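Colleague: just need the structure, nothing else, for what follows:
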Amino acid sequence: MKTYIRSTVTISPQKTFNNPVFLNELTEYTSNRLTCIEPDYSEAIDPKLIRRMSRIIKMSVASALACLKDAEIASPDAIVTGTAYGCLEDTGIFLTNMVQENEEPVTPVAFVQSTHNTIGAQVALLIKCNRYNNTFVSSGASFENALLDAMMLLAENNTTNVLVGGMDEITDMSHIVLSRMGLYKRQPVSNLNLFNTNSKGTINGEGVAFFLLENTPSENDLACIDGAATFYKPEDIEGIKQHISAFLITQHINYNDINLLIIGNNGDAKNDEIYERLRQSVFNEIPSINYKHLCGEYPTSTAFATWLGANVIKNNNTPASLNNNYSPKTQINKVLIYNHYQNIYHSLILMSSC
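Modeller: Residues are numbered from 1 along each chain as shown. Purely as a prediction, here's the structure:
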């Protein structure tokens, strides 16, 4: 069943929030960490509430409210979110307090606000939505599972619209911990030169993206989501190819029907080897673009990729700022997003024009 994207909003390391021009210019970072460009929250959120919100909650609430406003909907029939890390800032505050107080009882406020479902709950409280509210915490498949849940809700015809979001943040503490695990570049690197480094590690990223999905079409739709799928720890490259082929069969299309591939290269030599082998085989004839030099690597980065895909389909072109030299000869009717997170969580999202 097709699911229609009525509106979408993202806060990312690029100038994407409330920017009417689609990626007209890219923000360059020379670091191993990309940080979101945050808006003036007082324009969307009561200042008295802002001071009690952590950074990820402020970004999520602002994005969700803007998404609903663009769709001209006051309150959705359901809210579904996906996040791997949850509210890391509040988690760090709680753990720091525990250490400083020698594990004696501490105020539980930071702990309560650190839970993963706090984000969806805060959005629901602000818009007084007491309907279905669910959060998926599945590491690199968190956003995809949220998206699948929303699509099933719409297919059941019990709901007409669902607000779906994917979000994760960086904190100083989390960046240090993950850096010790060897996930990121040891030396600062320009994000715009990320795919020419050919070394170990990537760049840390973060972002929030929300989508208002509906089960009926309208003239204002950006794009459609035809299907989504995930698979876990494939044995080898042949196993990945089989999963991709099986997914396309369920969607009743073949590789030649795909006009554009949005792929998850992240600059890590071992990680990108998988994408390169697929580009030389099953994806050989499909034009492709990268996206993680814009937002960095994080478990729910496919939410940003979905935002990108929706806008590419709506504009029938890829932004000139990406320097990908891809100019479609025909209408972009089918876009496939393929990503893997640490070669553990693999996902496919198929999008189309409406």
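Colleague: could you chop the chain up by domain?
Modeller: In the assignment given by automatic domain parsing, the structural domains of the chain cover 3-214, 223-352.
Colleague: make a markdown table out of the ones you listed and add mean neighbour count and mean pLDDT.
Modeller: C-betas here are computed from N, CA, C, even on glycine. Written out in a markdown table, the entries for the domains of the chain read as follows (neighbours: other CB atoms under 10 Å; pLDDT from 0 to 100):
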| stretch | mean neighbour count | mean pLDDT |
| --- | --- | --- |
| domain 3-214 | 19 | 93 |
| domain 223-352 | 19 | 94 |
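Colleague: how close does the residue nearest to the spatial centre of the chain sit to Lys69?
Modeller: Using CA atoms, centre = their mean, the residue of the chain that lies closest to the mean C-alpha position is Ala303, 1.9 Å off. Per CB to CB, to the nearest Å, Ala303 is found 19 Å from Lys69.
Colleague: go on, Ala305?
Modeller: According to CB to CB, Ala305 stands 23 Å off from Lys69.
Colleague: and Ile37, by the same measure?
Modeller: Counting by CB to CB, the gap from Ile37 to Lys69 is 20 Å.
Colleague: element containing the closest residue to Ala223 other than its chain neighbours?
Modeller: With CB to CB, 6 or more residues apart in numbering as the measure, Ile313 is the residue that lies nearest to Ala223, at 4.0 Å, once sequence neighbours are left out. With the criterion set as DSSP states H and E, the secondary-structure element containing Ile313 is helix 301-315.
Colleague: same check on Ala121?
Modeller: helix 118-127.
Colleague: quick one: contacts of that helix?
Modeller: When contacts are defined by CB atoms under 8 Å, 6 or more residues apart in numbering, helix 118-127 is touched by residues 45, 49, 53, 56-57, 60-61, 64-65, 68, 74-75, 79-81, 83, 86-87, 90, 112, 129-130, 133-135, 163, 165, 167.
Colleague: which of those fall within helices?
Modeller: Under the assignment DSSP state H, these contribute 49, 56-57, 60-61, 64-65, 68, 90, 112 to helices.
Colleague: ok so, going back, now do the contacts for the residue nearest to the centre of the chain.
Modeller: Each residue near Ala303 by CB under 8 Å, 6+ apart is listed here: 10, 82, 143, 165-167, 207-209.
Colleague: from those residues, which is closest to Met98?
Modeller: Among the contacts of Ala303, Met167 lies closest to Met98 (CB to CB), at 25.2 Å.
Colleague: what distance do you get for that closest one to Ile5?
Modeller: Distance of Met167 to Ile5, computed by CB to CB: 17 Å.
Colleague: what of Thr83?
Modeller: The separation that Thr83 has from Ile5, given CB to CB, amounts to 20 Å.
Colleague: same question for Pro217.
Modeller: 11 Å.
Colleague: on that earlier part again, just the residues contacting the helix or strand following the helix holding Ile313, thanks.
Modeller: Proceeding N to C from helix 301-315, the next assigned helix or strand is strand 334-341, under DSSP H and E. When contacts are defined by CB under 8 Å, 6+ apart, strand 334-341 is touched by residues 139-141, 223, 240, 244, 253, 257-264, 271, 274-275, 278, 283, 286, 299, 301-302, 305-306, 309, 312-313, 346-352.
Colleague: do stretch 61-74 as well
Modeller: Taking CB under 8 Å, 6+ apart as the criterion, the residues outside stretch 61-74 that touch it are 6-11, 17-18, 39, 41, 44-45, 53, 75-76, 79, 122-123, 126-127, 161, 163, 165, 167, 208-212.
Colleague: wait, what's in contact with Leu322?
Modeller: With contact set as CB under 8 Å, 6+ apart, Leu322 has these partners: 23, 26, 289-290.
Colleague: rerun at 6 Å
Modeller: Shown in contact with Leu322 (CB atoms under 6 Å, 6 or more residues apart in numbering): Ile289.
Colleague: same question, Thr159
Modeller: Thr159 makes contact with 77-78, 153 under the criterion CB under 6 Å, 6+ apart.
Colleague: among these, which lie within strands?
Modeller: Taking DSSP state E as the definition of strands, those contribute Ala78.
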